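Enquirer: What follows is a predicted structure for the sequence shown.
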Amino acid sequence: MLCNCSANNQTSGSKLKHYYWIIGVLVAMFGVAVISILIIYFSKSKREQFDVEDFITLKRYTYATVKRMANSFAEKIGEGGYSIVYKGQLSNGSAVAVKVLKEAKGNGEDFINEVASIGAIMHKNVVSLLGFCYEGNKRALIYEYMPRGSLNKFIFNTKISRLEWKRLYEIAIGIARGLKYLHQDCAATILHFDIKPHNILLDSDFCPKISDFGLAKLCQGDGSSSISLLGARGTAGYTAPEMYNRNFGEVSYKSDVYSYGMMVLEMVGGRKNIDTGVSRTSEIYYPYWAHKHIDDDGGGERLKNICEEMVDEDDEMLARKMINVSLWCIQAKPSNRPSMSEVIQMMEGSLQSLQMPPKPTLSLQNE
C-alpha cells in the first residue's frame with residue numbers, strides 16, 4: 001500500500017509540473033505578445049514624433065501664437081486643396097504668410113512633405129520656411145510673405161496689366177534656376193510634382209519663388225532614376241503623361257520639366273493650355289497650335305496670333321525663345337526633354353542656336 005501511494009504521489013507531481021510548464025509557456029507567450037504590441041505602438045509614436053522633431057532647427061510656434069500672428073485668421077490670401085493661407089505678422093512687425101492645413105488631411109502628409117522638403121533650403125527662387133506649428137491636429141507653416149501674390153493672376157487676370165516680355169522672360173529663368181537647385185544642388189533631390197502658376201509667388205521686385213511642396217518627394221541620388229509613386233500627383237493640364245501612364249516612360253525629375261514647359265507656354269500666350277472655349281477645335285490644345293504658328297516663315301506677324309503686345313524685335317526674340325524651350329520641355333517621352341540645367345542654357349543662349357522641337361504628340365485634334 002505504501003508503495004502504491006508513493007507511485008500515485010509521483011504521478012500527481014509529474015502532472016502538476018506538466019501543467020505548470022504549460023501555464024508558464026502561455027504566460028511567457030502572452031508577455032511577448034504584449035511587449036511586441038507596446039514596441040510597435042511606441043515605435044510608431046516615435047516615428048511620428050521624429051517626422052516633426054527632426055526639423056526642430058526651425059522655430060516652433062504654439063497654435064495660440066499662430067492664431068494671434070494671423071489676427072484670428074482675418075485676412076485670407078490663398079487657398080489650396082488641403083490648406084488655407086492667411087496674412088500674418090511676426091512680433092517684430094515683419095509680414096508673413098501663415099499656411100494652415102485643413103483638418104480633412106488628418107494624417108498631416110502635406111505638412112511633413114513641406115517641412116522635410118524645404119525646412120533647410122535657402123535659395124533666391126524658393127520660398128523660405130520660417131517656422132511651423134504642430135499641436136495635435138493643428139498644423140501650420142509660417143512662410144516669408146510675397147506681396148505680389150501668385151504668378152497666376154498676372155497671366156489670366158484681364159484686370160491686371162500684362163507683364164512686359166523681359167519681365168516674363170526673367171521670371172521663367174528664375175523658376176528654372178529654382179528647379180535646377182531642387183533637382184541637382186540639394187543634399188537630397190527634391191521633386192516638386194506640382195509646378196504651375198498658382199505655386200509660383202512673386203516678391204515686390206517680381207522675383208519668382210517656388211512654393212507649395214505638399215506633393216513633393218525627396219529622392220536619393222540625382223533624381224534621374226525611376227521614382228515609385230502610389231498614383232499620379234499634380235494638377236490636370238500640367239501633369240506629365242508618365243505620371244498616369246508608365247508607357248510614356250518612368251517618373252523622374254523630367255516630370256517637373258514637363259510641368260515647367262506647360263506653365264511657360266501659358267505665360268507666353270496668356271491662356272490655358274487646354275481651352276474648350278476657343279472658336280476652332282484646332283486651338284483647343286494650345287501647345288499644338290503654338291507649334292504650328294511658330295514653325296513657319298510668317299515672322300512676327302504670324303507670332304502675334306499667339307503673343308500679344310510685342311513692341312519690338314527683342315520682344316519677338318524672347319517670345320520665340322520661350323515657346324521653343326517650352327515645346328522641348330513638354331515632349332511626350334521624358335528622355336526627349338532637357339534637364340533644368342539645359343533649359344537655363346537654352347534660355348540664356350541665342351535663338352539661332354535652338355533647334356525646332358518636334359510637334360507635340362498629345363494634341364486633342366489636328367486641324
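Expert: Perfect, I can see it now.
Enquirer: The strand or helix carrying Tyr288 packs against which elements?
Expert: Assessed by DSSP states H and E, Tyr288 sits inside helix 286-294. When contacts are defined as 3 or more C-beta pairs under 8 Å, 6 or more residues apart in numbering; DSSP states H and E, helix 286-294 sits against helix 254-269, helix 299-303, helix 313-329. Heads up, the C-betas are built off the backbone N, CA and C, glycines and all.
Enquirer: As JSON lines, those with distance to Ile195 would be great.
Expert: Shown next, in JSON lines, are the helices and strands packed on helix 286-294 (distance: least, C-beta to C-beta, whole Å):
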{"stretch": "helix 254-269", "distance to Ile195": "4"}
{"stretch": "helix 299-303", "distance to Ile195": "25"}
{"stretch": "helix 313-329", "distance to Ile195": "10"}
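Enquirer: just so I know, which of these lies nearest Asp212?
Expert: Taking C-beta to C-beta, helix 254-269 is the member of those nearest to Asp212, at 12.4 Å.
Enquirer: which stretches of the stretch 151-300 of the chain have low pLDDT?
Expert: Scanning the stretch 151-300 of the chain for pLDDT under 70 picks out 158, 221-232, 272-285, 295-300.
Enquirer: Strands along that one, start to end?
Expert: 189-191, 200-202, 208-210, 217-219 (DSSP state E, counting those that start in this stretch).
Enquirer: now the stretch 1-150 of the chain
Expert: Under DSSP E, counting those that start in this stretch, the stretch 1-150 of the chain gives strands at 59-60, 76-79, 83-89, 95-101, 129-135, 138-144.
Enquirer: how about these in a markdown table, adding distance to Ala236?
Expert: Shown next, in a markdown table, are the strands of the stretch 1-150 of the chain (distance: least, C-beta to C-beta, whole Å):
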| stretch | distance to Ala236 |
| --- | --- |
| strand 59-60 | 36 |
| strand 76-79 | 18 |
| strand 83-89 | 19 |
| strand 95-101 | 22 |
| strand 129-135 | 27 |
| strand 138-144 | 25 |
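Enquirer: can you tell which of the ones you listed is closest to Leu151?
Expert: Ranking the strands of the stretch 1-150 of the chain by their distance to Leu151 (criterion: C-beta to C-beta) puts strand 76-79 first, at 12.4 Å.
Enquirer: Without its sequence neighbours, what residue ends up closest to Met347?
Expert: Leaving out its chain neighbours, the residue that sits closest to Met347 by C-beta to C-beta, 6 or more residues apart in numbering is Ile173, at 5.2 Å.
Enquirer: Could you check how far Arg320 is from Ser94?
Expert: Using C-beta to C-beta, to the nearest Å, one gets 41 Å for the distance from Arg320 to Ser94.
Enquirer: rewinding a little: any idea which of the helices and strands packed on helix 286-294 is most buried?
Expert: Highest mean neighbour count among these (mean count of other C-beta atoms under 10 Å): helix 254-269, with a mean of 25.
Enquirer: All set now, cheers.
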